[in-house]
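>>> next comes the sequence, and after it the predicted model I'd like to discuss.
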Amino acid sequence: MSDTTGTAATARDLSGSGTLWALVARRAALTPDAPVLIEAADAPARDRTVTFGELRDRCERVAAGLYRMGVRPGTVVAWQLPTRIETVLLSLALARIGAVQSPVIPFYRDREVGFALRESKAEFFAVPGVWRGYDHTAMARRLGARGVFEAYDSLPAGDPATLPPPPPEGTSVRWIYWTSGTTSDPKGVLHTDRSLIAGGSCLAHALRLGPADVGSMAFPFAHIAGPDYTVMLLLYGFPAVLFEKFALPDALDGYRRHGVTVAGGSTAFYSMFLAEQRKAPGTPLIPTLRLLAGGGAPKPPEIYHAVVRELGCQLTHGYGMTEVPMITMGDPRDTPENLATTEGRPPAGMSVRVTAPDGTPLPAGRDGEVRLRGEAVCRGYLDPGQNTGAFDADGYLITGDLGHLTGSGHLVLTGRSKDVIIRKGENISAKEIEDLLHQLPGITDVAVIGLPDPARGERVCAVVEQPADADPLTLERLTAHLRAQGLSPHKLPEQLELVDALPRNDALRKVLKYKLRERFA
């Protein structure tokens, strides 16, 4: 039966506690003077650092200030803030109180923000004021948000003696995360401290990080990866460099200055690092870097080989989603073949099942629907109606992803159910074609989609992003490359579209295929 469960230490064994705040207190007691947050500014003199002990103490003062404002256990607080120290302090202060948090990606605007505020019934809304030329406070007022306050460089403060005891358990829903926008309708995803701790602890174990490492957060802290990464820091006692604005080559000085050993985010980040490395081949881009790690989007095997060959570091890629922040992760000690072609293996407590559409488990090697059950899985959706059909009779989350398990328990993803193109009754995997096209020079990124076609049902369309100095790709050259790679003729794209940039979400830069279908249908 194609059903596997990981063998790493469980999240509970690692954390020893059921709440995020208990992790903060435990780590502060163990290594109070060790750094945890390093904010990389545009000049070294403006860099800021917070230790684990300072993190605990400052969070308690912020929690007391929030409590004085009326925030209580169970109060819903939305926040839309960039990746900086104050954001982490606010989030952990809310965890100290036991409030329900609704993080919102800072690039979202009226439509998405208004939806999140209405659906979550937020009683308070923290914003950065005017940030990167946009007035978030004015937007909040325009949307009729309640309890609006600015939390960019100053936070509420009070006497920690006024606080009630910390939350006694981590199984209550205290987090509402919003799906990142690869479909047009977001969903409010319900998480507990325990589910987030499970994801973060499994990530840390898989990557084999320790106190000597220096991590990095170049993605929005409001993404589900924010608490994932924070849990990892708290469990293993190492710091992360925060980048409020990530752009290369400008951010490279911060990576080098603070000796970052672990970087990444998603496939788009790997490609950006590679592009910079290619400007100076043979000179290490970040001398201390030993590992790129990430997930959230497909990783073509050629990207793995290029990173190892050109950046001179290891690449481990994983599989996660807003509903389940850590499903599988590559192990740095695994074989190059597994690291290049799979998403790694699941940790303990995560059961991955591959099934036929009716839920019948399939054997290893057979493609089917990927279904998940475990402590890191969300508790469902904010809209109860969206739970219908989301879980099967055995309690497994139906992901909508397609793939298979290998004999060694590694997961191979072959696409999304919506990414299966049905041409004249034959199923075609978009990911298979994308992986082959990534081997063709002169392509920055590619998305393969199915478009309605009266004669075929669907036709195969390749949407290609090229470097500015590349010769424009032709359909003839594209199909010739695919034929040379042995792709079956019925899978060859019949349409090619060249774009300056593929549309992406604002979190991990995942390609928004629904927008391409809308544009080219």
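Sure, I can see it.

>>> only C-alpha atoms for contact and neighbour calcs from this point on.
Will do.

>>> now the terminal residues of stretch 243-250, how far apart.
11 Å (C-alpha to C-alpha, to the nearest Å).

>>> in it, what's buried?
243, 244, 245, 246 (16 or more other C-alpha atoms under 10 Å).

>>> just the closest of those residues to residue 234, please.
Proximity to residue 234 was ranked across these by C-alpha to C-alpha; first place goes to residue 243, at 18.9 Å.

>>> wait, that closest one sits on residue 215?
No: the criterion here is C-alpha atoms under 8 Å, and residue 243 misses it with residue 215 at 11.3 Å.

>>> circling back to that earlier point, how about JSON lines for the buried residues of stretch 243-250, with pLDDT, secondary structure and distance to residue 473 added?
Output for the buried residues of stretch 243-250, formatted as JSON lines (pLDDT from 0 to 100; DSSP: H, G, I helix; E, B strand; the rest coil; distance: C-alpha to C-alpha, whole Å):
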{"residue": "243", "pLDDT": "96", "secondary structure": "coil", "distance to residue 473": "35"}
{"residue": "244", "pLDDT": "95", "secondary structure": "coil", "distance to residue 473": "36"}
{"residue": "245", "pLDDT": "90", "secondary structure": "coil", "distance to residue 473": "32"}
{"residue": "246", "pLDDT": "90", "secondary structure": "coil", "distance to residue 473": "30"}
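
>>> dump the residues you listed into CSV; add distance to residue 192 as well.
Below are these laid out as CSV (distance: C-alpha to C-alpha, whole Å):
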residue, distance to residue 192
243, 26
244, 26
245, 29
246, 29
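
>>> tell me the one of those residues nearest residue 437?
For these, the nearest to residue 437 is residue 246 (27.4 Å; C-alpha to C-alpha).

>>> for the closest residue to that closest one other than its chain neighbours, give me its contacts.
Take residue 246 and drop its neighbours on the chain: the residue closest to it by C-alpha to C-alpha, 6 or more residues apart in numbering is residue 218, 5.7 Å away. Shown in contact with residue 218 (C-alpha atoms under 8 Å, 6 or more residues apart in numbering): 83, 242, 243, 244, 245, 246, 264, 265.

>>> how much space is there between the third one and residue 83?
Meaning residue 243. Distance, residue 243 to residue 83, by C-alpha to C-alpha: 6 Å.

>>> what sits in contact with each of those two?
Counting by C-alpha under 8 Å, 6+ apart, the common neighbours of residue 243 and residue 83 are 217, 218, 219.

>>> mind listing the residues bridging to the first one?
When bridges are taken as DSSP bridges, the partners of residue 217 come out as residue 242.

>>> okay, it: pLDDT?
Here the pLDDT value assigned to residue 217 is 96.

>>> what about it, neighbour count?
Per other C-alpha atoms under 10 Å, the neighbour tally for residue 217 reads 25.

>>> ditto for the last one
Other residues within reach of residue 219, judged by other C-alpha under 10 Å, total 25.

>>> if I pick residue 91, what's in contact with it?
residue 101.

>>> just to revisit the earlier point, for the shared contacts of residue 243 and residue 83, which one is nearest residue 362?
Nearest to residue 362 among those: residue 219, at 36.1 Å, using C-alpha to C-alpha.

>>> so that closest one sits in a helix?
No: Residue 219 is assigned coil when assessed by DSSP: H, G, I helix; E, B strand; the rest coil, not a helix.

>>> okay but it is in contact with residue 265, surely?
Yes: the criterion here is C-alpha under 8 Å, and residue 219 meets it with residue 265 at 6.7 Å.
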